[in-house]
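Engineer: Here's my sequence, what's the structure:
(one chain, ligands or ions: 2)
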Amino acid sequence: MGDARIGLIGLGTMGAALASNIAEKGFDIAVFNRTTQVTRDFAAGAGELAPKITPTETLEAFVAALATPRAIILMVPAGDAVDQQIAALKPLLDPDDLIIDCGNALFHDTDRRAAECGQPFLGVGVSGGEEGARHGPSIMGGGGPELWDRVEDIMLAISAKHEGEPCAALMGPGGAGHFVKMVHNGIEYADMQMIAEIYGLLRDGAGMEAEAIGDVFAAWDEGPLKSYLIEITAKVSRARDAESGAPLLSVIVDAAGQKGTGRWTAIESQHLLTPVPAIEAAVVARNLSSRREERAAGEAIFGAAPQPFEIDQGLLERALIAGKVLCYAQGFVMIAATREAKGWEIDLPQVARIWREGCIIRSAMLDDMAAALADHPGENLMRTPHFAALLKGSHGALRQVVAQASLNGHPVPALSSGLAYFDTMRTGRGTANVIQGQRDFFGLHGFEHVNGKTGQHGPWAKG
Ligand SMILES: NC(=O)C1=CN([C@@H]2O[C@H](COP(=O)(O)OP(=O)(O)OC[C@H]3O[C@@H](n4cnc5c(N)ncnc54)[C@H](OP(=O)(O)O)[C@@H]3O)[C@@H](O)[C@H]2O)C=CC1
Ligand SMILES: O=C(CO)[C@H](O)[C@H](O)COP(=O)(O)O
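Structural biologist: Ligands and ions are numbered 1, 2, ... in the order given. Just a heads-up that it's a prediction; the model follows:
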């Protein structure tokens, strides 16, 4: 039996960084990777962390290097790879050895694995990309508290800190941690898409060069929009292509990849009956971005859509503030919905607190969001006093930007979905009475009368 406190399988981008982080925080760690050369390279590059790291070249040696009861992190691609790795490990493990899936698993898979894999199991969402994993990610745990307790010291030690408070916590049982990570990524999609839409207005509307656009984002990163995504957008906009010296953005193809977490968020929101239209719009925009040939064919017939127009940068900043609040508001409503759907009492203020540092959607606004969600339990963030005031001061700008964009042919699907959500959620008297009338007309589905009677029918119902 070995004495490594924890093991990690999968020394890719995230796994290598996380293993180094764990070793740096003083925990002995054994590592294994499917491709042995990767393990060798990792060990060779470990430098002063080498004494804390036990590289292994077979699963048997890996398992033997761990202190019992074992704790093993999987950092491999979500899906089949996780099931395959669990199946390969199981014959080598004792019954109380703990498996911790730190990848971006679909939370339904985590629920299933926790129930069926036959080992103690935690599903843990980790956010922050390579840099976060190496120096302090945000960590969203899921599983039994007694299992979390076994590794909590490690999770807290390696996590990002906000004013000394660790950005790591147990979100709830089973797949709760991966659910919260999924919604995090959904918000990430919407936030990124809105930023890209504003970039498009500056590029094609105002005719600005990438570097100047980078300056605008950098300036906004000093104000209410201060966030990791605004910060890196400034850096990406200012970067140059090493080969040609051209602005990097001018040589990056306008088709965005995706691994699925945004799509899962959109699908799951429909099952939960808590629509997240800005997130859905962002997923749709990514899908359409990959249809380059079709977009070019459309341009050949109809002409290029976006036309130049005069843009007030202050208006754009306020529009993005409103959009950002609405992205988070939708995400938090969705997390709250698990209370009824899954019986998970996920602590919303705690979610906001552990997102304040380390993760991709970290933002100066999250401090106020944590306070607002704590002071107004169960309330949509957009109706809490602080954010209602922020929206009152910014939704007009969002409306003007969406209107001007539309009049000048600029597609802004996430911004306009955010605006439509805002307007819908402040319209006391909507138009679904027409839908109910139509449904009753063609299918006798019945409607609720304003007098409170249900199962009512129009004059078309016979007898
Ligand atoms: N990259 C990011 O920013 C983030 C990623 N994640 C999640 O973390 C997980 C890992 O991502 P990332 O590090 O980026 O991925 P990488 O592609 O960089 O690394 C994947 C790792 O998994 C191993 N692997 C792949 N398939 C199998 C398999 N069938 N069995 C065993 N091992 C396998 C690879 O080994 P080999 O060397 O042999 O190929 C490699 O070590 C994913 O779930 C991802 O969604 C989470 C947060 C952020
Ligand atoms: O989890 C992450 C960030 O939080 C990963 O980087 C993830 O891959 C991002 O999603 P996608 O690949 O779909 O853009």
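
Engineer: and the residue minimising distance to the centre of the chain, what does it touch?
Structural biologist: A centroid search over the chain (CA atoms, centre = their mean) returns Asn185, at 1.2 Å, as the residue closest to the centre. Contact partners of Asn185, counting by CB atoms under 8 Å, 6 or more residues apart in numbering, are Asn104, Ser127, Thr261, Gly262, Thr265, Ile360. The C-beta positions use only the backbone N, C-alpha and C, and glycine is treated the same way.

Engineer: what's the distance between whichever helix or strand it is part of and the middle of its chain?
Structural biologist: Secondary structure from DSSP states H and E places Asn185 in helix 176-200. Its chain's average C-alpha position is 5 Å from that of helix 176-200, according to CA atoms, centre = their mean, to the nearest Å.

Engineer: Check stretch 304-314 too.
Structural biologist: 29 Å.

Engineer: Name the residues that touch that stretch?
Structural biologist: With contacts defined as CB under 8 Å, 6+ apart, stretch 304-314 is touched by 200-202, 204-207, 216, 299, 397, 404, 407-411.

Engineer: Can you give me the buried ones in it?
Structural biologist: By 16 or more other CB atoms under 10 Å, the buried positions in stretch 304-314 come out as Phe309, Ile311.

Engineer: Pull up the distance across it, start to finish.
Structural biologist: 27 Å (CA to CA, to the nearest Å).

Engineer: now swap in stretch 126-143 and tell me
Structural biologist: The first and final residues of stretch 126-143 sit 15 Å from each other (CA to CA).

Engineer: contacting residues for the closest residue to ligand 2 within the stretch 351-463 of the chain?
Structural biologist: The minimum distance from the stretch 351-463 of the chain to ligand 2, using CB to the nearest ligand atom, falls at Ile360 (4.3 Å). With CB under 8 Å, 6+ apart as the criterion, the residues that contact Ile360 are Ser127, Gly128, Gly129, Gly132, His184, Asn185, Glu188, Tyr228, Leu229.

Engineer: Adding pLDDT and distance to Lys324 as columns, could you present those residues in CSV?
Structural biologist: As requested, the contacts of Ile360 are exported to CSV (pLDDT from 0 to 100; distance: CB to CB, whole Å):
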residue, pLDDT, distance to Lys324
Ser127, 98, 17
Gly128, 97, 19
Gly129, 97, 20
Gly132, 97, 20
His184, 98, 14
Asn185, 98, 16
Glu188, 98, 12
Tyr228, 98, 12
Leu229, 98, 9
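
Engineer: which one of the residues you listed is nearest ligand 1?
Structural biologist: If you rank the contacts of Ile360 by distance to ligand 1 using CB to the nearest ligand atom, Gly129 comes first, at 4.0 Å.

Engineer: List the residues that contact that closest one.
Structural biologist: Gly129 touches Thr13, Met14, Ile360, counting by CB under 8 Å, 6+ apart.

Engineer: For ligand 1, tell me which of the residues you listed show up nearby.
Structural biologist: Applying CB under 6 Å from any ligand atom to those, one finds that Thr13, Met14 fall near ligand 1.

Engineer: Which of the contacts of Gly129 fall within helices?
Structural biologist: With helices taken from DSSP state H, the overlap with the contacts of Gly129 comprises Thr13, Met14.

Engineer: Rebuild the contacts of Gly129 as JSON lines, extending it with pLDDT.
Structural biologist: Supplementary listing: these in JSON lines, determined by pLDDT from 0 to 100:
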{"residue": "Thr13", "pLDDT": "98"}
{"residue": "Met14", "pLDDT": "98"}
{"residue": "Ile360", "pLDDT": "98"}
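
Engineer: Out of the contacts of Gly129, flag the one nearest to Gln84.
Structural biologist: The shortest gap between Gln84 and any of these belongs to Met14, at 17.9 Å (CB to CB).

Engineer: what's the burial count for the spatially closest residue to Arg362 that is not a sequence neighbour?
Structural biologist: Using CB to CB, 6 or more residues apart in numbering and skipping the chain neighbours, the partner closest in space to Arg362 is Tyr228 (4.9 Å). Tyr228 sits with 21 neighbouring residues when counted by other CB atoms under 10 Å.

Engineer: swap in Glu163?
Structural biologist: The number of residues packed near Glu163 is 7, by other CB under 10 Å.

Engineer: same thing with Gln438?
Structural biologist: What Gln438 shows, counting by other CB under 10 Å, is a neighbour count of 13.

Engineer: tell me which element it falls in.
Structural biologist: Counting by DSSP H and E, the element that carries Gln438 is helix 432-443.

Engineer: Would you mind pulling the contact partners of that helix?
Structural biologist: For helix 432-443, contacts defined as CB under 8 Å, 6+ apart pick out His445, Gly446, Phe447, Glu448, Gln456, His457, Gly458, Trp460, Ala461.

Engineer: just to revisit the earlier point, out of the contacts of Asn185, which are inside helices?
Structural biologist: When helices are assigned by DSSP H, the members of the contacts of Asn185 inside them are Thr261, Gly262, Thr265.

Engineer: Contacts only, for the residue nearest to Arg362.
Structural biologist: When contacts are taken as CB under 8 Å, 6+ apart, Tyr228 is in contact with Cys359, Ile360, Ile361, Arg362, Ser363.

Engineer: residues in contact with the closest residue to the last one other than its chain neighbours?
Structural biologist: So the one you mean is Ser363. Sequence neighbours aside, Ser227 is the residue nearest to Ser363 in space, at 3.5 Å (criterion: CB to CB, 6+ apart). Contacts here follow CB under 8 Å, 6+ apart; on that basis Ser227 touches Asp191, Asp221, Lys324, Ile361, Arg362, Ser363, Ala364, Met365.
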